[in-house]
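>>> Provide a 3D model corresponding to the input given below.
(2 chains)
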Amino acid sequence: MAQSKKGKLNFRCPSCFMRDIDIDMFFDEDKKEYYCLRCNFRGEEAEVVRLNEVARYRYRSLRMRVVDFGEDNEPLKLQPHKRGEQ
Amino acid sequence: MKNKLILNVIHRPELSPEYAEKAMAGGASVKDESLEIFRFQQDTAHKYGLKTTIQITYASLFSDVIIEMAKHDHEVYGDEIALSLLGLPCKEFRAKYHTEDFCIWMFSKEQKEAIVDDVFGLFYEKFGFYPASTGSYFLDAYTINYIKSKYPTVKCAVATCWEEGPKAYHTCNNSWYTFMDGGPWNPWIPSKVNSHCPASGIEDDSGIVAIPHLSRDLMACFDGNGSNFGTHPQNVLRGMIYYDDNGHVEYPYLYNLVDQYRHLARYNDGYAYNMMFVGPGWLNRQGRWEAPYELLAQSYDDGMRYYGRLKQEGKLVDITMEEFADYYRSVHPRYEVAECALWKDILYGSNKQYFWYADPALRTCLDFNQGGAMIDLRPYVARIPQETGIGTDNVYDASYPYLIQINYRAGFFTHYAGAGTIKSCKVRYHGKEADLCLCRTMARYEKLADGVRITANPVTVTLDGLDIVVESVFTFEEGTGKVWTERRILNDLGGEEVTFVEYFTGAFGTTEYQADMTKLTLSAGKEQMQYSYLGRTLKAAGDEVARVLIPDVLTVVEMGGEVDQVEVEEGIAFSPVYRLALTKTLKQGEIKSWLNLKKAN
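Residues are numbered from 1 along each chain as shown, chains lettered A, B, ... in the order given. Next up, the predicted model:
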């Protein structure tokens, strides 16, 4: 069995990312899976990509654009961001 | 330039960027790529009509190509040629100093002086003048004072990276030793004694204007990884704060962040600031984590394009660091004037709101999702003469100590025992009690002649069937270390009496862990005690003062006011904190109190 190496993209562990730790994963060529050196996560690329989407759950304004910061003591005014716009 | 966003765009050519060198295993390809990255960054800024500050690194001083590029862009675009103390590593540096260290504040005093003289001397040799601007992730007072004494042309420097400390360390798998919590988030004039502290006057003025490394999200960075939430497009990618919309990657958060910094003009007499400083490693051809090069490059282009658009619309002015130093001093004629930010959540959809305040005497944050509780407090008035670097007590820890930091030291919520650091108020009635920390609200800002007033929207506390409507008002006396708090009863209590307990639970330190507390002296009026972890309490009449002396951070904390009783309490080993409290029972009206920070002699 050869040693593990980095994948074509340098995926971080999604489990650790969700607890605010950036740690590179390594790729096990024999098992075709990424794994974390710190926690017990292991998974194929598709699983990593899926969990990276899950990790965005906390960003509820991810797709929103602030249109007005409003009065100091009132909430922001937001609208859905439009593709290609700034 | 009032009410316009003042922008510094900074580029740093490196011939051995720390990330690319590892990823690409060194060699000529790294050098070629580094040149390409620098050219790309410069071209992108210029494409959108933006002026840059080129921070020449030690390694690139050995490159005639870089030097010619910098001279050309200075002549053609008006870019400033400055000198960075980042980017030290290269074969010439290692051969000369026999070290793998690269953070200027971590070297010994002798090494700091030698390196500064070396890079400034080489810069002069190549360009024929000394720079007006310099910087690093952090610059300690010793280094700033040395630079200013030897190279008085320097007037501006990158001098901290906001709230980069234990959080960044943890995020980097406990491997990234940049501990520099506790500084200002926006530019300031550093004290000669401790560079975190804004100068208190001409005699304390280090002679430079400091700027932070990136303009960071003042809410997301307080709890989360600072390196995900700043005006750094690739940091935003690092935080995965983007999404794919039919093949086009979108990151409106980056634009919202820039816009919130524009909005801060409202709290700073029309002054608003932003800086973008993307190191070359973030644009290498290998990509960074999940982001391929194409996305890294696109995001940089988009960031510059947005700034360029704001400039075209007359909402932004791009200037060099040297120009900024002059501008900053022109709009800050008084040292005492506070930097303020009433910051709204633009990422998590929470409606949370923080108020950040910094002046020469203190830095603090009020959380209006917790009724205006004080969740961070740094006693700048103490001017703690911290030294950093090899040969000192703080080889790498450059953070300015806190007295309150709710994420390192619990805050309101603890696990069933003890207390966390926070300043808030409890309301009592018929044996029931509620803490205003549990009242979610928002607040409005008001500038006073010599201070700032923040007024929270009224909240209702219900105890044993009695509704008590409370308005909290916080008044900061600029430059004095004094903060007034008023808790006003706004409704008719029908003759019922309620008790308010205004309290301050504090600690001290730079990390999550508490150092020895036995040097602390607590007093209520004339009674005093030495901290012994016994949970004892002292009480005195309401016209007296509650006080704690904390020798390790040269600070005295005092509280007093128009109250019935003052009190101090020491903690226990399981809960190493101290508590100051003021109590008043009333049927109507208000409890007015003050918190005062002083330097301990």
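>>> For the closest residue to chain B within chain A, give me its contacts.
Chain A approaches chain B most closely through A:Arg60 (3.0 Å), counting by C-beta to the nearest C-beta. Glycine gets a C-beta too; all of them are placed from N, C-alpha and C. A:Arg60 makes contact with B:Leu347, B:Tyr348, B:Gly349, B:Ser350, according to C-beta atoms under 8 Å, 6 or more residues apart in numbering or on different chains.
>>> near chain B, which residues of chain A?
Within chain A, the positions adjacent to chain B are A:9-12, A:17, A:20-24, A:38, A:52, A:55-56, A:58-66, A:69, A:71-76, A:81, A:83-84, A:86 by C-beta under 8 Å from any C-beta of the partner chain.
>>> all helices of chain A, in order?
A:14-17, A:45-54 (DSSP state H).
>>> Residues touching the shortest one, excluding its own?
Residues from elsewhere that reach helix A:14-17, judged by C-beta under 8 Å, 6+ apart: A:22-23, A:36, A:38-41, A:43, A:48, A:51-52, A:54-55, B:240.
>>> Among those residues, find me the one that's closest to B:Tyr335.
Among those, A:Asp22 lies closest to B:Tyr335 (C-beta to C-beta), at 38.9 Å.
>>> ok so, going back, neighbour-wise, which of the contacts of helix A:14-17 leads?
Counting neighbours by other C-beta atoms under 10 Å in any protein chain shown, the top entry in these is A:Val48, with 23 neighbours.
>>> With the flanking residues excluded, which residue is spatially nearest to the residue of chain A positioned farthest from its centre?
Distance to the chain centre peaks in chain A at A:Glu71, reaching 33.2 Å (criterion: C-alpha atoms, centre = their mean). Nearest non-adjacent residue to A:Glu71, counting by C-beta to C-beta, 6 or more residues apart in numbering or on different chains: B:Arg444, 7.2 Å away.
>>> List the contacts of that neighbour.
B:Arg444 sits next to A:Glu71, A:Asp72, A:Asn73, B:Leu342, B:Ile454, B:Thr455, B:Asn457 when contact means C-beta under 8 Å, 6+ apart.
>>> What about the residues you listed, which are in strands?
B:Leu342, B:Ile454, B:Thr455 (DSSP state E).
>>> wait, what's in contact with the residue nearest the centre of chain A?
Centroid-nearest residue in chain A, with C-alpha atoms, centre = their mean: A:Asn52, separated by 3.5 Å. Contact analysis of A:Asn52 by C-beta under 8 Å, 6+ apart lists A:Pro14, A:Phe17, B:Met240, B:Glu290.
>>> Get me the contact residues on the stretch 451-600 of chain B for chain A.
Neighbours of chain A within the stretch 451-600 of chain B, by C-beta under 8 Å from any C-beta: B:Ala456, B:Asn457.
>>> Neighbours of the closest residue to B:Val278 other than its chain neighbours, how many?
Nearest non-adjacent residue to B:Val278, counting by C-beta to C-beta, 6+ apart: B:His232, 5.6 Å away. Number of residues near B:His232 (other C-beta under 10 Å) recorded here: 26.
>>> gap between B:His232 and chain A?
Using C-beta to the nearest C-beta, to the nearest Å, B:His232 is found at 15 Å from chain A.
>>> Tell me which residues touch that residue, please.
Residues counted as contacts of B:His232 (C-beta under 8 Å, 6+ apart) are B:Leu214, B:Met276, B:Phe277, B:Val278, B:Trp282.
>>> Now do the residue farthest from the centre of chain A, the pLDDT please.
We have a pLDDT of 97 for A:Glu71.
>>> B:Cys365 too?
So, for B:Cys365, pLDDT stands at 98.
>>> does it really touch B:Arg378, like I thought?
No: at 9.6 Å, B:Cys365 and B:Arg378 do not qualify as touching, with contact defined as C-beta atoms under 8 Å.
>>> out of those two, which sits in the more crowded spot?
Legend: neighbour count by other C-beta under 10 Å for B:Cys365 and B:Arg378, higher for B:Arg378 (29 against 23).
>>> mind checking how far the helix or strand encompassing B:Glu294 is from the chain centre?
Using DSSP states H and E, B:Glu294 sits in helix B:293-312. Distance, stretch centre to chain centre, for helix B:293-312: 25 Å (C-alpha atoms, centre = their mean, to the nearest Å).
>>> hmm, it in reach of chain A?
Yes: using C-beta under 8 Å from any C-beta, we find that helix B:293-312 touches chain A at B:Asp302, B:Arg305, B:Tyr306, B:Arg309.
>>> any idea how far whichever residue of the stretch 101-250 of chain B sits closest to chain A is from B:Glu294?
Using C-beta to the nearest C-beta, the single residue of the stretch 101-250 of chain B nearest to chain A is B:Asp245, 4.6 Å away. Going from B:Asp245 to B:Glu294 by C-beta to C-beta, to the nearest Å gives 16 Å.
>>> Then B:Ala507?
47 Å.
>>> go on, B:Ser84?
To B:Glu294, B:Ser84 is 27 Å away according to C-beta to C-beta.
>>> So for those two, which sits in the more crowded spot?
Comparing B:Ser84 with B:Glu294 by other C-beta under 10 Å, the one with more neighbours is B:Ser84, at 29 against 11.
>>> Wait, that one touches B:Gly135, no?
Yes: under the criterion of C-beta under 8 Å, B:Ser84 is in contact with B:Gly135, at a separation of 5.8 Å.
>>> joint contacts of these two?
With C-beta under 8 Å, 6+ apart as the test, B:Ser84 and B:Gly135 both reach B:Gln55, B:Val158.
>>> bridging residues for the residue nearest to A:Arg83 when sequence neighbours are not counted?
In space, and not counting its chain neighbours, A:Arg83 is closest to B:Asp245: 4.6 Å by C-beta to C-beta, 6+ apart. Beta-bridge pairing of B:Asp245 under DSSP bridges involves B:His248.
>>> count of neighbours near B:Asp245?
Residues near B:Asp245, counting by other C-beta under 10 Å, number 13.
>>> and stretch B:235-243, C-alpha only, in CSV?
C-alpha atoms of stretch B:235-243 as CSV (Å, rounded to 0.1, in the frame of the first residue of the first chain):
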residue,chain,number,x,y,z
ASN,B,235,-10.9,34.4,2.7
VAL,B,236,-14.6,34.5,1.8
LEU,B,237,-14.0,31.4,-0.4
ARG,B,238,-12.2,29.8,2.5
GLY,B,239,-15.3,30.3,4.6
MET,B,240,-17.4,28.7,1.9
ILE,B,241,-19.5,31.8,1.8
TYR,B,242,-20.4,31.4,-1.9
TYR,B,243,-22.8,29.4,-4.0
